[in-house]
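*Asks:* kindly generate the corresponding structure for this input.
(2 chains)
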2 protein chains.
Amino acid sequence: MISRSLRYDAANMREDRVGKYGVKDSEWKEMLPRLRSAKSALQKLSRKNEQGFLNLPFERALHQESIKTSERVTSLFTDMVVLGIGGSDLGARALNQALPESQKKKGALKLHFAGSSTDPDELSSLLASLNLKKTCVNVISKSGGTLETMSSFLVFRDLLQKRIGKKKFNRHIVATTDPESGVLRELAKKEAYATLPIPTNVGGRWSVLSPVGIFPAAVSGVDTDMLLASARRCVDRFHELTVGECDCTQYAGLHAIGMGKRKQNIHVLMPYAKRLSEFAKWVRQLTAESLGKKTNRKGKTVFTGPTPVASIGPEDQHSQLQLYSEGPFDKLITFINVKNFSSDIRTPVSGNLDPGMKRFENKSFSKLIHIEQKATADSLKQLNRPNGTIEISSIDERSLGELFMFFEIAIALMGELLDVNAYNQPGVELSKKLMEKSLS
Amino acid sequence: MISRSLRYDAANMREDRVGKYGVKDSEWKEMLPRLRSAKSALQKLSRKNEQGFLNLPFERALHQESIKTSERVTSLFTDMVVLGIGGSDLGARALNQALPESQKKKGALKLHFAGSSTDPDELSSLLASLNLKKTCVNVISKSGGTLETMSSFLVFRDLLQKRIGKKKFNRHIVATTDPESGVLRELAKKEAYATLPIPTNVGGRWSVLSPVGIFPAAVSGVDTDMLLASARRCVDRFHELTVGECDCTQYAGLHAIGMGKRKQNIHVLMPYAKRLSEFAKWVRQLTAESLGKKTNRKGKTVFTGPTPVASIGPEDQHSQLQLYSEGPFDKLITFINVKNFSSDIRTPVSGNLDPGMKRFENKSFSKLIHIEQKATADSLKQLNRPNGTIEISSIDERSLGELFMFFEIAIALMGELLDVNAYNQPGVELSKKLMEKSLS
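*Replies:* Numbers count the residues shown, from 1 in each chain, chains lettered A, B, ... in the order given. Okay, here's the model as predicted:
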């Protein structure tokens, strides 16, 4: 079995560290049976196949489809444009940013993300830079009805038809969509695109370990076997450990308690690594869409949901730390600390510097960033501001597999604890309706 | 006088549009005298030169220094690395992202931002890509004591000494720092760097229209004359209009009312243009550091401050809109809508598409993004979620000058209304102290 990369240290979330803003032992004791019920409920959803995300890392046949298609695509092209929005591209974006080219397999494709906007300036500048003969387009939409993605896709489809010809343009397209229904599935059949399925019991924001995320990852040279093995390890731990031992269960319980009478309703995720800023955005979507709900499962109006904030260290020490240190006690902060960076830099030693400057000499950057993260966590603790730290050994497929699964399980459990349906998004229907009206 | 680019429409912030979550007429009437006092207080701070930001756009001699230095630098180099963090680089980053090369003067330098992190992976990959012989380094730190900036600077200084030689390396450096004191000023004197001053009465987050932002902007080909003229126009309006007429005053008053008994403490800024995502981060810093305060000016403990959120449309419709539509009523949302984009794309017309796909045909992207922004604002209004829209005619120097000044004035006024010192950041001292301890 592969070793773990992730450790979650939640000591600074507790009353003995941060006083009355922290979780009391009695609250934690009361939470344990609730967490056990939440865990059972989630296991049941998964066992009955009502929700598929927990099973995804184990679906070898499904991943094999992604790998096979990725091998064909990699042999033919140099670039791939991913057209998706929200849950259809945030996971692939996170992976692509976290794992730089130097860490990936050689000969892989360069990814471009273009389906998440109707900003004309954005798409124009991408189009100007691409050689379409060497470019594959991966269009991702479960229904095929997504305005931003499908508008961009129609532009690419048209350009491909013109440059490649009406007979062969379809070889440049891979459609990731519902296995059976929807307008994109129809079009893919009619025009004979390669396709990959999005399992019907997996919603967009839970789909990173389906072909939605795995195919672009494989195309760009990510070791998807390791990613999935590591995710499986996290799921196994969730099933096997007690709710008091398992770290994603702890995260869910502590955050749900904070949302109670202390109303700690702003949940900050602050990785100390630029390469994880897109990952923080993925967590932000997962949290907001899953937990931001008007009604609970009993139909009672609750208007609930924490506001997730994606922050970044050390940059935001010079932007948000003042507020986190002195503002209202409405926040719970989680750091991600990277133990080993893939490179390091040491500040030089020079003979002639003044003491004020000399103290920065002969320091390794990785040591500096660790000192900064620890000083921030310690100072927040001293100011009675609850915070936790996720430590990963390095940014790689192993840690990312765990990170994705850690947050999927934690947010799903929080959905159970808040008693909301974490898998729908009824709130965006009204704006969609108004948009459709203007469109026609 | 130049015409205005910016309009602020706050109708959806009012009770007649969004019911009890909006501002009542009576509340607005009570706010007006408070706004008048806040305005006077800010004018006094500025007249007595205690705070310099309102006067910055009028300081021609100061800007002339930036322009002169930028002309020398532009003639010698192809790239410039900006080393700053927080207030020392967020403004320049915002300008650089908002104005793409095609909109700038020809022959200008390409900017790289590298002082805002001690992430070793980040700096390593930049160093690998630069030709130092053609590169200038602009190090920005008021005191010279900023860990991230100065560590990065020592690395660049050392590399320049090695590649260019100890005699001439200083020609590659421009130090933007306190006019008199501090370790960076000392080093600049000793090693004869070109320097630019940060006025003593201007703090980091208020400094974008000082050499901190103007010099990198000029080097990268931004029309700084237009930027400053537009900012002056905004300041003039603030002085000349009544507090009920002036839009930045309105923004401050409406947000301060929301923070009152309705506790609308999360302030979202959501531009519908990717090129403004860094600008939203600049506003996020300005808001958090200025207003997130433990004590008010009378010394009373208040633990106040809104949590600013930088969002982006239409992307975040598929990430945050569910929460904004159905979550707690703790948010005030401001959109930025761009009337004219610099380019446009039209989806093609194809004979053979199904109706589900056909509705996306023959649509211009700029029209689609406007439809989306309006549908989002309208649906939030129908769901009783207060929101305002800033419309700018296009993303250019004219609108950016107004945007920077709009938010600087609005946040300064909110500081007066909350009765906090918007110009200090005492809350980060503890983490600095802990960091220094670990460093030595």
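
*Asks:* who are the contact partners of the nearest residue to A:Q317 once chain neighbours are set aside?
*Replies:* Counting by CB to CB, 6 or more residues apart in numbering or on different chains, A:T376 is the residue found nearest to A:Q317 once chain neighbours are left out, at 6.1 Å. From N, CA and C alone the C-beta is placed, and that goes for glycine too. A:T376 is in contact with A:313-314, A:317, A:321, A:335, B:431, counting by CB atoms under 8 Å, 6 or more residues apart in numbering or on different chains.

*Asks:* just the element for A:T376, please.
*Replies:* Using DSSP states H and E, A:T376 sits in helix A:365-382.

*Asks:* can you state the direction angle for the helix or strand that that helix is followed by and helix A:365-382?
*Replies:* The C-terminal neighbour of helix A:365-382 among helices and strands, as given by DSSP H and E, is strand A:387-394. Using axes from the mean of the first three to the mean of the last three CA atoms, to 10 degrees, the inter-axis angle of strand A:387-394 relative to helix A:365-382 is 160 degrees.

*Asks:* interface residues of the stretch 151-300 of chain A facing chain B?
*Replies:* Residues of the stretch 151-300 of chain A lying close to chain B (CB under 8 Å from any CB of the partner chain) are A:151, A:154-155, A:157-158, A:183, A:186-187, A:204, A:265-266, A:272-275, A:281, A:284-285, A:288-289, A:291-294.

*Asks:* out of the residues you listed, list just those in helices.
*Replies:* Counting by DSSP state H, these place A:151, A:154-155, A:157-158, A:183, A:186-187, A:281, A:284-285, A:288-289, A:291 in helices.

*Asks:* could I get the residues you listed as TSV with distance to A:H255, pLDDT and neighbour count?
*Replies:* Formatted as TSV, these follow (distance: CB to CB, whole Å; pLDDT from 0 to 100; neighbours: other CB atoms under 10 Å in any protein chain shown):
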residue	distance to A:H255	pLDDT	neighbour count
A:S151	37	93	23
A:L154	41	95	23
A:V155	41	94	20
A:R157	43	96	25
A:D158	46	95	17
A:V183	39	95	22
A:E186	42	95	16
A:L187	42	96	23
A:K281	18	98	21
A:R284	14	98	23
A:Q285	17	98	24
A:A288	14	98	25
A:E289	16	98	30
A:L291	10	98	28
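
*Asks:* now these as a markdown table including distance to A:P33?
*Replies:* Shown next, in a markdown table, are those (distance: CB to CB, whole Å):
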| residue | distance to A:P33 |
| --- | --- |
| A:S151 | 49 |
| A:L154 | 53 |
| A:V155 | 54 |
| A:R157 | 54 |
| A:D158 | 58 |
| A:V183 | 47 |
| A:E186 | 49 |
| A:L187 | 50 |
| A:K281 | 34 |
| A:R284 | 30 |
| A:Q285 | 30 |
| A:A288 | 28 |
| A:E289 | 28 |
| A:L291 | 21 |
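
*Asks:* these: which two are farthest apart?
*Replies:* The largest distance within these, taken as CB to CB, falls between A:D158 and A:L291 and amounts to 39.6 Å.

*Asks:* near chain B at all, the lowest-mean-pLDDT helix or strand in chain A?
*Replies:* Between all helices and strands in chain A, the lowest mean by mean pLDDT, DSSP states H and E belongs to helix A:120-129, at a mean of 85. Yes: Helix A:120-129 reaches chain B (CB under 8 Å from any CB) through A:120-125, A:127.

*Asks:* which other residues reach that helix?
*Replies:* Contacts for helix A:120-129 (CB under 8 Å, 6+ apart): A:81, A:112, A:114, A:117, A:152, A:155, A:159, B:100, B:273-275, B:341-345, B:364-366, B:369.

*Asks:* same check, this time on stretch A:143-150
*Replies:* A:83-85, A:88, A:115-118, A:139-141, A:177-178, A:182-187, A:435, A:439, B:314, B:318, B:356-357, B:360, B:368, B:372.

*Asks:* buried subset of those?
*Replies:* A:83-85, A:88, A:115-118, A:139-141, A:177-178, A:182-187, A:435, B:314, B:318, B:356-357, B:360, B:368, B:372 (16 or more other CB atoms under 10 Å in any protein chain shown).

*Asks:* tally of neighbours for the closest residue to chain B within the stretch 51-200 of chain A?
*Replies:* Nearest residue of the stretch 51-200 of chain A to chain B, counting by CB to the nearest CB: A:G86, 2.7 Å away. When neighbours are counted by other CB atoms under 10 Å in any protein chain shown, A:G86 registers 26.

*Asks:* quick one: residues contacting the residue lying closest to it once chain neighbours are set aside.
*Replies:* Spatial nearest neighbour of A:G86, chain neighbours left out: B:H318 (2.7 Å); criterion: CB to CB, 6+ apart. By CB under 8 Å, 6+ apart, the contact set of B:H318 is A:85-87, A:116, A:148, A:204, A:285, A:428.
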